[in-house]
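> just to be clear, the model below is a prediction. Sequence and coordinates:
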Amino acid sequence: MLLTRIKGPRDLDRLSQEELDQLAAEIRTFLVDAVSKTGGHLGPNLGVVELTIALHRVFDSPKDKVLFDTGHQAYVHKLLTGRQNFAGLRTKGGLSGYPSRAESEHDVIENSHASTVLGWADGFAKANEVLGKEDHHVAAVIGDGALTGGMAWEALNNIAAAKDRPLVIVVNDNERSYGPTIGGLANHLATLRTTDGYERFLARGKDLLERTPVVGKPLYETLHGAKKGLKDFIAPQGMFEDLGLKYIGPIDGHDIEALESALQRAKRFSGPVIVHCLTQKGRGYEPAVQDEADRFHAVGVIHPDTGLPVSTDAASWTSVFADEMVKLGRERKDIVAITAAMLQPVGLKKFADAYPDRIFDVGIAEQHGATSAAGLASGGAHPVFAVYATFLNRAFDQVLMDVALHKCGVTFVLDRAGVTGTDGASHNGMWDMSILQVVPGLRLAAPRDAEQLRAQLNEAVLVKDAPTVVRFSKGVVGPAVPAVGRIGGMDVLRRPADEVTRPDVLLVSVGALAPMCLEIADLLDKQGISTTVVDPRWVKPVDEALAPLADRHRVVVTVEDNSRAGGVGSAVAQALRDAGVDVPLRDFGIPQRFLDHATRKEVMAEIGLTAPDIARQVTGLVAKLDGRYDSEPAAAVD
């Protein structure tokens, strides 16, 4: 096999055109076989095989910077840079599903949030200029889905201003991000693919151009005839060249020879150049090509011959949300939904099918999505913006200044909150309950099971004068956790086994960690430690009944699937101080560091967020209060 002979990019230089085509076929076979066993991003990588080969033949990585946006399309890049052991892909100790600087000098950035690569590329190009590195080049690959993000156009605004600063921008145009790419920019790229007339070109571009600060009305007038002839009306390079960017394309993204020629021309140019490549997501694997939803953007373990899942999971948190949204849509005509290019992953496909006029896909533009939601709410609708928890970080200013300041009734639904595991540091949803604590008026719910997810979502959409947030975990939803009572707005999940005047521990359980917290209480009970377990349901604001309840216990313990820094534990501690309740408090959560990829269970064990670990420490704390030891560690809890 040719692939086994490729230990680094320069090994590609001695291959003939026929061998390069053979290598491309071998890579596709390898990817289908490997990713079907582990799960991962399959469709995007099948689409960039020839493009990645051409990039590494033309550019000299790592001296030249070859950057990918987003990094989920970098599997081929890994193979060509000496990483061909995919057996442990996305597992502990194995290859990351994204570029990883710990793995290779060829991985320059670890980007897995979209629309960032042009900012990185602009910075690298500026550094080359400042330091006189004239023989260093920068090539940034960006999908047309990522071009819907505002950051990409902020970067283009800077890049276009430096007409003599070399930089190659490769637009990987497969018409998709997760699903089909939408919006004015996507329509423009579609125009470049099918330039068959002046009027069609203008019609598709007019609205976009008039509202794009970088381009604006002057460019539309230019395209309309003030400065260009009919040939330039129809030619695809019009928009990009008026931005100050040279344009090459469209190029067949599966023709290595054509790609190399285009990239060589771009590399020789003394300023910024766009190379527009047409690719097919999922190419070479029929089940992916036939998948209309997302071309096998990301898959679990599948049968390589059929593309069908090896096993069918039980109901997931996302599916529970999906069904409840359809129900809410049926009951209330004002309910609308927003997604940032992730209709299917966040569970809004059923809602879109049922109510196509009430779903808005803003593209990879979480900031715009949040502000648009504020406008929808102010206009009388109640928007539900479903987004991965890690991606809400990108829209914090809009949540704060547009939604909360204006007291807009917007519900944010955060999927994949807490430790997600296999996608690594960037995809853990471990910051939302910290950063949202500072937003005045915002209310945040953390459901513990499917029933509570349905109930709290219904409660959230009733709020008209403030933002609400409902967060839940990735994967299968656990069994129902019934309440045995209610104190204030909090559910009591467990009372001490024996009647005691002042129980030892008040255990505050946050969200999906309820089963683990009940296990902790069982372990403490075996040590003779009486425990009350409560689920606040709404963790922001802290329930007024919590402080007096805490005052009736000797110790307060909080357990959350979120960063300990500024999280629920910190909010509870502040609430107790404000109420003058002086009891010891221990907060358990995610340490303030980036977590390597592994399964959720492995990550939780590594950071000590397990029932035995927590019970052991709480036992030691109670023993210290009892004066049973001064400095010796507590006995282990089985």
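Arrived safely, thanks for sending.
> residue ranges of the helices in the stretch 1-150 of the chain, please?
17-38, 43-46, 49-58, 75-80, 117-130, 150-161 (DSSP state H, counting those that start in this stretch).
> just say which of those helices is most tucked in.
Stretch with highest mean neighbour count among the helices of the stretch 1-150 of the chain: helix 43-46 (a mean of 28; mean count of other Cβ atoms under 10 Å). Every residue, glycine included, has its C-beta placed from N, CA and C.
> not counting sequence-adjacent ones, nearest residue to Glu459?
Leaving aside its chain neighbours, Glu459 sits nearest to Ala445 (7.2 Å; criterion: Cβ to Cβ, 6 or more residues apart in numbering).
> pull the number of nearby residues for the one you found.
24 (other Cβ atoms under 10 Å).
> tell me who's in contact with Pro548.
By Cβ atoms under 8 Å, 6 or more residues apart in numbering, the contact set of Pro548 is Ala579, Val581.
> on that earlier part again, the residue nearest to Glu459 touches Val463, doesn't it?
No: contact criterion Cβ atoms under 8 Å: Ala445 and Val463 do not qualify, at 10.4 Å.
> ok, and for stretch 301-308, which residues are buried?
Neighbour-count burial for stretch 301-308 flags Ile302, Gly307 (criterion: 16 or more other Cβ atoms under 10 Å).
> who's in contact with it?
Contacts for stretch 301-308 (Cβ under 8 Å, 6+ apart): 32-33, 36-39, 285, 287-288, 291, 296, 299, 309-311.
> change it to 6 Å
For stretch 301-308, the surrounding residues in contact (Cβ atoms under 6 Å, 6 or more residues apart in numbering) are Val32, Asp33, Ser36, Gly39, Pro287, Pro309, Val310.
> between which two of the residues you listed is the distance greatest?
Largest separation among those by Cβ to Cβ: Asp33 and Pro309, giving 16.4 Å.
> surely Gly489 meets Asp543?
Yes: here Gly489 lies in contact with Asp543, judged by Cβ atoms under 6 Å, at a distance of 5.0 Å.
> who has more neighbours out of those two?
Taking other Cβ under 10 Å, Gly489 and Asp543 do not tie; Asp543 has more neighbours (20 against 14).
> residues in contact with Val141?
Contact analysis of Val141 by Cβ under 6 Å, 6+ apart lists Phe68, Val170, Asn172.
> about what we covered before: in JSON lines: the helices of the stretch 1-150 of the chain, plus mean pLDDT and distance to Gly627.
Compiled in JSON lines, those are given as follows (pLDDT from 0 to 100; distance: least, Cβ to Cβ, whole Å):
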{"stretch": "helix 17-38", "mean pLDDT": "94", "distance to Gly627": "52"}
{"stretch": "helix 43-46", "mean pLDDT": "92", "distance to Gly627": "60"}
{"stretch": "helix 49-58", "mean pLDDT": "97", "distance to Gly627": "65"}
{"stretch": "helix 75-80", "mean pLDDT": "95", "distance to Gly627": "57"}
{"stretch": "helix 117-130", "mean pLDDT": "96", "distance to Gly627": "57"}
{"stretch": "helix 150-161", "mean pLDDT": "90", "distance to Gly627": "57"}
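> closest to Leu523 out of those helices?
Leu523 lies closest to helix 17-38 among those, at 34.2 Å (Cβ to Cβ).
> now the closest one against helix 49-58, angle please.
120 degrees (axes from the mean of the first three to the mean of the last three Cα atoms, to 10 degrees).
> the strand or helix carrying Leu507 pairs with which strands, and in what direction?
Using DSSP states H and E, Leu507 falls within strand 505-509. Strand pairing for strand 505-509, using DSSP bridges, gives strand 531-535 (parallel), strand 555-563 (parallel).
> now those as TSV including mean neighbour count?
What follows is those, written out as TSV (neighbours: other Cβ atoms under 10 Å):
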stretch	mean neighbour count
strand 531-535	25
strand 555-563	25
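> the ones you listed: which one's closest to Arg5?
Of all the strands paired with strand 505-509, it is strand 555-563 that lies closest to Arg5, at 45.2 Å by Cβ to Cβ.
> next, the buried residues of the next helix or strand after the closest one.
With elements assigned by DSSP H and E, the helix or strand that comes after strand 555-563 is helix 568-578. Under the neighbour-count criterion of 16+ other Cβ under 10 Å, helix 568-578 has Val568, Gly569, Ser570, Ala571, Val572, Ala573, Ala575, Leu576 buried.
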